[in-house]
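In: Show me the folded form of this:
(chains A, B, C and D)
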There are 2 protein chains.
Amino acid sequence: MTARPRGKATGPCPIGRAVGVIGERWTLLILRNATLGTTRFEAFRSELGIADNILSDRLARMVEAGLLARVPYTEGRRVRHEYRLTDAGAGVLPVLHALAAWGEEHTRAGESSPSMRVVHRPCGHATGPGGPRATCDHCGQPIRRDDELWVRPWRSPDPIPLAQPFPWKSR
Amino acid sequence: MTARPRGKATGPCPIGRAVGVIGERWTLLILRNATLGTTRFEAFRSELGIADNILSDRLARMVEAGLLARVPYTEGRRVRHEYRLTDAGAGVLPVLHALAAWGEEHTRAGESSPSMRVVHRPCGHATGPGGPRATCDHCGQPIRRDDELWVRPWRSPDPIPLAQPFPWKSR
DNA sequence: TATCTTAACTTGCATATTGCAAGTTGTCAG
DNA sequence: CTGACAACTTGCAATATGCAAGTTAAGATA
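Out: Okay, the predicted model is just below:
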């Protein structure tokens, strides 16, 4: 054996552990799309353009790592499975925010395409430049996950609510 | 050719672009250590345990991507090069914060080792649980990069100041 | 001067990961 | 009974990674 076991989540440094779990190729992109509501194999495959054997492998590993839950559902009378964010998977949101902000600031889209924005539902206002924040630029309140909408104009003008973690907490 | 060209930084989604640039294996760990002051090939190699051909490749690619600057320096009368964070490389700090927070919350160190903390120099207080923040938990002020110290007790009890981006801005 | 050492690479080769294409399985629609 | 489809699995070729060893340039040592 030569390459070290991937996905090692041990060690004293929390950054190293995080990279070991969510730093694999595709993993953050799968989490991004799951955050935007994607749950099914075929949807991930076509949205991401990932090879299906790799997707299969990644989803299984992410379930094992506790990022996604594989939950059965019925389509007609047929049992299928979908992949839903767990708390740990949903907890990657601040990482996605930070990546979005860095990407907006330090990379350029090929075409001049309109930026991604985050809308705070209660006040209806979007983030300013610099990307999504934990706190609303407009009303100053912390943005709760279920009050957060993403606008990705290159896909659709409609704001997209974020997927809530599974199992859904009653509160 | 089969595997798609890695490190593609184009496309409309800023998260996808960010992952294309800083999402490669080792890249975030190199940036973490560079943020903590590492600048030299040999130091990265021994700190990270990365194979030297891979390190050579990554550093070159990171220079090309504008994350690091290769700057000559003299050791005695001899000219060497070191790798210093650029603005773009230093700008990854919020991603490292988010990863650290996620890692603390959702992964476990093998041994029970003391957590990483961030200290705000002006007020001398460390972040509470949940990991590093953009704003000081104690005094409420935004934490400027040059007022931020990391404490990584498994390496040393001493707080480590963060490397400043190169070229250093006069202000 | 000759040899040693070190940082920073480069090269060769074995192993691991990724991607593509094609095959498989279990429904369901017609 | 014949597709069609989602969700995989398998085989194979192309890349990436890791290890070990070689290279280069200059400073240190003898």
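In: Look at A:P72 and give its secondary structure.
Out: A:P72 falls in the strand class when you classify it by DSSP: H, G, I helix; E, B strand; the rest coil.
In: Hmm, it is touching A:R78, no?
Out: No: using C-beta atoms under 8 Å, A:P72 is not in contact with A:R78, being 10.4 Å away. For the C-beta atoms, the positions are set from N, CA and C on the backbone; glycine is no exception.
In: Pull the number of nearby residues for A:R40.
Out: For A:R40, the neighbour count with other C-beta atoms under 10 Å in any protein chain shown is 14.
In: now swap in A:P129 and tell me
Out: Neighbours of A:P129 (other C-beta under 10 Å): 10.
In: swap in A:T135?
Out: A:T135, neighbours per other C-beta under 10 Å, totals 14.
In: what sits against it?
Out: A:141-143 (C-beta atoms under 8 Å, 6 or more residues apart in numbering or on different chains).
In: again, 6 Å this time
Out: A:P142 (C-beta atoms under 6 Å, 6 or more residues apart in numbering or on different chains).
In: per-residue confidence for it?
Out: We have a pLDDT of 83 for A:T135.
In: near chain B, which residues of chain A?
Out: Proximity of chain A to chain B, by C-beta under 6 Å from any C-beta of the partner chain, involves residues A:9-10, A:12, A:14-15, A:17-19, A:28, A:32, A:88, A:91, A:94-96, A:98-100, A:102-104, A:106-107, A:109-110, A:113, A:116, A:154.
In: where's the most centrally placed residue in chain A relative to DNA strand C, distance?
Out: Nearest to the geometric centre of chain A sits A:R32, at 2.5 Å (C-alpha atoms, centre = their mean). From A:R32 across to DNA strand C, the span is 16 Å (C-beta to the nearest atom of the strand, to the nearest Å).
In: tell me which element the closest residue to A:G131 other than its chain neighbours falls in.
Out: Distances taken as C-beta to C-beta, 6 or more residues apart in numbering or on different chains place A:A101 nearest to A:G131, at 2.8 Å, with adjacent residues excluded. A:A101 is part of helix A:93-106 when elements are defined by DSSP states H and E.
In: could you say what helices and strands the helix or strand following that helix packs with?
Out: Using DSSP H and E, the helix or strand that directly follows helix A:93-106 along the chain is strand A:117-120. When contacts are defined as 3 or more C-beta pairs under 6 Å, 6 or more residues apart in numbering or on different chains; DSSP states H and E, strand A:117-120 packs onto strand A:148-151.
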